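1. Here is my input, please return the structure:
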Amino acid sequence: MNRIDGKKTAAALRERIAGHVARLKADHGLTPGLAVVIVGEDPASQVYVRNKVKQTGEAGMNSLHFALPADTPEADLLAKIAELNADETVHGILVQLPLPGHIDANKVIDTIDPAKDVDGFHVVNAGRLATGTGGLIPCTPRGCLMLLKQTVGDLSGKRAIIVGRSNIVGKPMAQLLLGENATVTIAHSRTADLADEVARADIVVAAVGRAHLIKGDWIKPGATVIDVGMNRVDAPEKGPGKTRLVGDVDYEAAAAHAGAITPVPGGVGPMTIACLLANTLVAACRQAGLEDPRL
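-> Numbers count the residues shown, from 1 in each chain. Below is the predicted model of the structure:
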């Protein structure tokens with residue numbers, strides 16, 4: 001069984017990005033800029049944002065961080081996004097989700113300039129992905145695809161199943177795999193005989209958000225498993241009130257069947273932030289009329 005090391009792959013990608021950034025500065029006087037906006041004090045979001053800000057700076061990019069109070073009116077957040085849309089030194093805009101309940105996340109996403117939508121969530125970018133006409137690709141699916149191509153090679157003709165149908169991971173992952181000529185099934189909470197569907201797949205992408213939903217004996221021998229799930233569960237063995245992170249796949253049991261599998265943590269997570277930096281770099285190049293960098 002091959003344990004897919006997302007940390008190592010992400011570090012190599014960040015190194016390539018830093019090289020491109022240095023060349024952009026030297027050859028064109030251009031420094032990619034990423035603006036991250038967070039509303040409120042969700043603990044998990046705070047950790048994600050800190051990591052994003054840190055890695056943006058390490059790649060040589062300009063990092064802007066806007067922390068707004070939880071009671072910020074929706075209109076004020078939309079005004080901040082409009083300001084960032086107009087700022088030519090900002091090439092990528094990310095508004096950290098989830099947002100407080102009084103703010104409509106869809107309205108926020110729709111306000112971001114699609115050319116600066118480095119999360120890839122805007123309907124314009126979703127449409128471009130679905131029609132194969134470019135656009136910025138959501139970071140987690142992009143990272144998953146990189147891990148798959150690195151591990152499997154040619155995906156053409158492979159039977160793939162994605163468990164989860166979110167706009168953030170499941171649907172764009174399906175489009176990416178279709179683009180690689182895989183045969184794709186999207187499964188979800190109402191799929192009948194989920195175990196049988198998974199057992200037919202050469203590639204399993206789990207992105208449903210339910211701890212250990214996918215059992216080890218469901219996995220086809222030799223299949224490649226990409227576990228996007230990040231679920232916090234009780235860990236009494238670590239002490240009272242302690243928790244640990246687990247994926248949507250029962251890792252230990254699945255590893256006995258899979259040809260390759262991502263761990264949680266240390267698999268997909270690091271790739272998501274690295275691909276955010278990649279999208280910022282691509283967005284900066286496109287806004288300057290330059291070719292996309294080879295990553």
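2. all strands in the stretch 1-150 of the chain, in order from the N-terminus.
-> Shown for the stretch 1-150 of the chain, the strands assigned by DSSP state E, counting those that start in this stretch span residues 2-3, 33-39, 62-68, 92-95.
3. most tightly surrounded among those strands?
-> Counting by mean count of other Cβ atoms under 10 Å, strand 92-95 has the highest mean neighbour count of the strands of the stretch 1-150 of the chain, with a mean of 26. Where you see a C-beta, it was placed from the backbone N, CA and C, and this is true even at glycine.
4. Can you tell me what sits against it?
-> For strand 92-95, the external contacting residues (Cβ atoms under 8 Å, 6 or more residues apart in numbering) are 32-39, 52, 77, 81, 84-85, 108-109, 112-113, 116-119, 276, 279-280, 283-284.
5. what does stretch 233-242 give?
-> With Cβ under 8 Å, 6+ apart as the criterion, stretch 233-242 contacts 211, 243-246.
6. now do stretch 15-29
-> Counting by Cβ under 8 Å, 6+ apart, 30-32, 58-61, 274, 277-278, 281, 284-285, 288, 290, 293, 295 sit against stretch 15-29.
7. Could you do stretch 282-295 as well?
-> The set of residues external to stretch 282-295 that reach it, using Cβ under 8 Å, 6+ apart, is 13, 16-17, 20, 24, 28, 30, 32-33, 91-92, 115-116, 118, 136, 278, 281.
8. Using PyMOL, define a selection of the buried residues within the residues you listed.
-> Selection of buried members from the contacts of stretch 282-295 for PyMOL, criterion 16 or more other Cβ atoms under 10 Å:
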select buried, resi 13+16+17+20+24+30+32+33+91+92+115+116+118+136+278+281
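9. Which of the contacts of stretch 282-295 fall in helices?
-> Among the contacts of stretch 282-295, the members falling in helices (DSSP state H) are 13, 16-17, 20, 24, 28, 278, 281.
10. from the residues you listed, which single one is nearest residue 162?
-> residue 278 (21.5 Å; Cβ to Cβ).
11. coming back round to it: list buried residues within the contacts of stretch 233-242.
-> 211, 245-246.
12. Any idea which of these the model trusts least?
-> In this model, the minimum pLDDT among those belongs to residue 245 (91).
13. Could you look up the SS state of it?
-> Under the three-state scheme (DSSP: H, G, I helix; E, B strand; the rest coil), residue 245 adopts strand.
14. Any chance of the backbone angles for the residue lying closest to it once chain neighbours are set aside?
-> Among residues not flanking residue 245 along the chain, residue 265 sits closest, at 5.3 Å (Cβ to Cβ, 6 or more residues apart in numbering). Main-chain dihedrals, residue 265, degrees, to the nearest 10: phi -80, psi 180.
15. surely residue 265 meets residue 230?
-> Yes - Residue 265 is within contact range of residue 230, at 7.4 Å (criterion: Cβ atoms under 8 Å).
16. which residues do the two both contact?
-> Common neighbours of residue 265 and residue 230 (Cβ under 8 Å, 6+ apart) are residue 245.
17. Now do the helices in this protein.
-> Taking DSSP H, the helices of the chain run over residues 6-28, 43-58, 74-86, 105-111, 123-131, 139-152, 170-179, 194-199, 251-255, 268-287.
18. just to revisit the earlier point, what's around the residue nearest to residue 245, how many residues?
-> For residue 265, the neighbour count with other Cβ atoms under 10 Å is 15.
19. How confident was the prediction at it?
-> 94.
20. From residue 134, how far off is it?
-> In this view, residue 265 and residue 134 are 32 Å apart by Cβ to Cβ, to the nearest Å.
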